[in-house]
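[1] Just need the structure, nothing else, for what follows:
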Amino acid sequence: MADSGKETGRSQATPLSLLDRIRANDPAAWKRLIDLYRPLVLFWCSRRGLHGPDAEDVSQEVFAASAAGLNGFRRDRPSDTFRGWLRGITRNQVNLFFRRNDGKAQAEGGSEAWSRLQDVADPLDEAPEGEEKEVGHLYRRALELVRGEFEERTWLAFWLTAIDGRSPVALTVELSMSPASIRQAKSRVLRRLKQEVGDLFD
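    Below is the predicted model of the structure:
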């Protein structure tokens, strides 16, 4: 059973990805990216001991540096992800912040803590503990961005299968859709989500 309505017009052309729209100087796309990733950047800052105004200042520097360097972001290898690239920029901006402040940022322990930090591994070199939860929040924010583009039944088919883990076969009566249509609905939403947030789920 085919879906109709608001999704029909979208099948005529593939929308540009979020990063492509940003590269085309679309202010709304840039705001969308900041709304998506700012909480994650603040989380990374907190892992390095920055909170409050210091973290906010660094996050602004992160996005300024990202805007300046976005055209240089490439995915030459499968391991090249936007999230990893942004984490690297955050690491650099946090280090610059501490250097500018000579280790006297309003982080726990002040300059003494900064000295100790030089002797331990950078917590942003690997995905830090707790990042999975933050990425889950990012996933939810991204879902909210595309939610209005789909009919209710398409969205419900996606949600019940992708989020709740239910079988398409078990949902045929409840949704009045064939298993193939349910799988197609799930695929359609995931494809749009992937396009919107780039490599988040790689």
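[2] Glu131: what's its closest spatial neighbour, skipping adjacent residues?
    Phe43 (6.9 Å; C-beta to C-beta, 6 or more residues apart in numbering). (C-beta placed from N, C-alpha, C; glycine too.)
[3] For that neighbour, pull up the helix or strand it's in.
    Here Phe43 sits within helix 27-47, counting by DSSP states H and E.
[4] who does that helix touch, helix- and strand-wise?
    helix 18-23, helix 52-69, helix 82-100, helix 131-146 (3 or more C-beta pairs under 8 Å, 6 or more residues apart in numbering; DSSP states H and E).
[5] closest one to Leu175 among those helices?
    helix 131-146 (18.8 Å; C-beta to C-beta).
[6] what is the orientation angle of the helix holding Phe43 with helix 82-100?
    Per axes from the mean of the first three to the mean of the last three C-alpha atoms, to 10 degrees, the angle that helix 27-47 makes with helix 82-100 is 60 degrees.
[7] how about Leu171, what does it touch?
    Shown in contact with Leu171 (C-beta atoms under 8 Å, 6 or more residues apart in numbering): Ala157, Leu160, Thr161, Met177, Pro179, Ile182.
[8] Let me know the closest of those residues to Asn92.
    Using C-beta to C-beta, the contacts of Leu171 come closest to Asn92 at Thr161, 40.1 Å.
[9] quick one, what contacts the closest one?
    Ser167, Pro168, Leu171, Ile182, Arg183, Lys186.
[10] On the pLDDT front, check it for me.
    Here, the pLDDT recorded for Thr161 equals 95.
[11] roughly how far apart are it and Ala170?
    Thr161 sits 10 Å away from Ala170, going by C-beta to C-beta, to the nearest Å.
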